[in-house]
Structure formats: structure tokens, C-alpha cells
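Participant: coordinates only, sequence not included:
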């Protein structure tokens, strides 16, 4: 990156630590660092950018950097012939009035978004925490008292592959065994939280024999059963930070969390009937408990889509936050919950879960048997084929 580019990006010209190695999990550290620290780390991380950002993004970064370091725009607008100077000045004017700390956080978040799609899925040492193997589409990290699992397939709307299912199962178990952390956080990268199963997996079944389809369905159902059971058995408080729309299994597992926060731009949808499938995640048990039989039927059977505030009303989430305030509130929530005594958290969660655990396990098995049958049905195959064709 040239010195001119660095200036447009907002890198200071005076001895900034621009050669620092990029931490692929720096995004989560905002929960434990000051805005100034995040701001400084973002400047260091810029050197790892492989692709040149668009001019509009460069100008936005320049403006946020100036606002974060100087404050409101100063001086006069450059002359007509100074195209670059006028563009920078105009960009700076747009963030007038933004507090320095807020500008620092926005700058760090913008850098994070640029790095997101090109980040490695493993830690800088080449392995994930607790010796976990890296998995495409997952960022797994620990910071302070928090164990984080982050979905990172933004171009695929964080749709889950079988490898991601297995990776999350292993991560939840690793978190259970990690005595240095007290809570587990799951969130997503990009505009979506999670779009559910990666339906392209089903395309492989189109040319498979009946026996091969049966074997695929049984393998997938077994992975699904283990995945849901990992949530049921998880010992630490599970915090879900829903950064965008959630579909399918990303919704049905929510009652298995202990705190769920969503932005007001989120929607929640379980289109099982449309896809010829059936509910999973023990939702056929948990949803009627949360919202009543009629509302659960409307949601799980009749494909009703919920807004964030409707999800709050029926008890599917704890808190809805304006989208622009989501990151700051997430910091507060994570800090608050992770600072509580860890042994007390585990014991209290165990007491709450003990009344339902056997039933959750039983329902999980029944649901997975049912969906295994549905995956092998002509109705499901036709519905998914129609969906993939429509896309």
C-alpha cells in the first residue's frame, strides 16, 4: 500500500505501528478494549488488506480518522481544481458532530468489515483455541473470559455447511472444557446472522441413487442431532448476538441460548413447509413453551416471518437494539455477563436446564429422525430443486 493510499485510508504520517501483525480475531476484542485501542489496532491491521477498497470507502475511512483524531472539519473547502482535496473535505463534513470515541469505533468496525472476507479462519498461529482444527466459515477465538464462535461466510449469508456444524460442535465442547472463560458468544459476520443450511449441499443428492441419498440423509441427521445436543449440554451461559436476518436452524436453536440480542433490522423465518422439511433444534417443544401453541404453529408450520420486535414479544429474544447502537450494546452485554462469577453461572444454568434437559434430548432425537425421512422424500427434493432454480 502506497503512502498516498495510507493517507486516504486515514493512517497518520507520524510513527504509527503500521507493521503490526493482523489479529484475525481483533473484531471480538472490542468487548474488552477501549475504543482508542481498537482504533490503533485497526490502523495496524490495514496493512494486511489484499484488495484495494473503493474510493467511497477510502473517503469514509479518511473522514472517520480525521474525526477521531482532530474532531469536526477545519479550514476552508479546497478549490475546484483540487479534486482529491475537495472529496476528502466533503467526506469529513459528513461526519461533523460525531464524537471522537464514536468515530474511533466506527473506523475500527469499517476496517473489520474490509478484513472480514479475506481473514483466515484460524488464529495467527495456524490453529484455533484449545487445539481446534481450523474450519472454513468459522472464526473461533478466546479473549479474556469470553469464548467466541463467529460465523464467517458473508458471501453465502453465513449458511452452515456440514464442516461448520462439526466445527461448532467441537467448539462448544472446547468451551465447556476451557476454565479460563465463563461465557460463550455466537455471532455472525456481514449483513446476515445465518441463513440456515447451505442448500447447495442438497444439489449433490440430485444425481445420487436412492441408497446414496439415504446414506447422505442419515449422516446429515446424525450431525444435526449432535449439533443440537451440543447446545442442550452446554454448561456455560450462551449469548447470541444476532447481527442480521436469521433463517431456519439459526432461529430454532435460539431458545437453547441464555441471552439473545438482536438489531432492529433482524427478521426471523423458519420456512420448513416451503422446503418440504420439518422443525429441528427441539423447537417443536421449546416454541410452544415460549409463545403458546397457536403462535408456534403459525411460525413453524405456516411460515410466518417475524420482525425483531415481534420476536421480542413472543420471547424469542431478550433485547432489540437499534442497528446503529448494536455494537456498543453488544460490548456492554458481553462485559456484564462475562464478569459474573463463573462457577455460579454454571451452577445456575444447570439448575434451570435440569427441568427440561431429558425432554429436549428426547425431542431432538425425534425431530432428527423425522427430518431424515423428509430429506429423502420426493416432496422435499422437489421443493429444494424449485428453490435452487428460483435463486
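Facilitator: Done, it's in. Everything numeric in this text was worked out from a predicted model, so none of it was measured.

Participant: pLDDT weak spots in the stretch 101-250 of the chain?
Facilitator: 117-129, 203, 206 (pLDDT under 70).

Participant: and residue 228, backbone torsions?
Facilitator: Main-chain torsions, residue 228, degrees, to the nearest 10: phi -70, psi -40.

Participant: the closest residue to residue 175 other than its chain neighbours: how many residues sit nearby?
Facilitator: Nearest residue to residue 175 in three dimensions, chain neighbours excluded: residue 147, at 4.1 Å (CB to CB, 6 or more residues apart in numbering). From N, CA and C alone the C-beta is placed, and that goes for glycine too. Under the neighbour criterion other CB atoms under 10 Å, residue 147 is assigned a count of 27.

Participant: who touches residue 147 in this structure?
Facilitator: Shown in contact with residue 147 (CB atoms under 8 Å, 6 or more residues apart in numbering): 129, 141, 171, 174, 175, 178, 181, 183, 184, 185, 236.

Participant: one more: residue 189?
Facilitator: Contacts of residue 189 by CB under 8 Å, 6+ apart are 116, 139, 150, 151, 152, 153, 154, 158, 243.

Participant: could you report the neighbour count for the fourth one?
Facilitator: Number of residues near residue 151 (other CB under 10 Å) recorded here: 26.

Participant: pretty sure it sits against residue 185.
Facilitator: No. With contact defined as CB atoms under 8 Å, residue 151 does not count as touching residue 185 (11.7 Å).

Participant: show me where the chain has its strands.
Facilitator: Assigned by DSSP state E, the chain shows strands spanning 138-143, 146-151, 183-188, 238-242, 246-247, 259-263, 267-269, 306-307, 319-321.

Participant: each with direction, which strands does the first one pair with?
Facilitator: This points to strand 138-143. strand 146-151 (antiparallel) (DSSP bridges).

Participant: quick one on the thing from earlier: TSV for the strands of the chain, including distance to residue 223?
Facilitator: Putting the strands of the chain into TSV (distance: least, CB to CB, whole Å) gives the following:
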stretch	distance to residue 223
strand 138-143	15
strand 146-151	16
strand 183-188	17
strand 238-242	19
strand 246-247	19
strand 259-263	24
strand 267-269	23
strand 306-307	27
strand 319-321	31
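
Participant: what's the most buried one of the ones you listed?
Facilitator: Highest mean neighbour count among the strands of the chain (mean count of other CB atoms under 10 Å): strand 246-247, with a mean of 27.

Participant: output the contacting helices and strands for that one.
Facilitator: strand 267-269 (3 or more CB pairs under 8 Å, 6 or more residues apart in numbering; DSSP states H and E).

Participant: how far off centre is the strand it packs on?
Facilitator: Distance, stretch centre to chain centre, for strand 267-269: 15 Å (CA atoms, centre = their mean, to the nearest Å).
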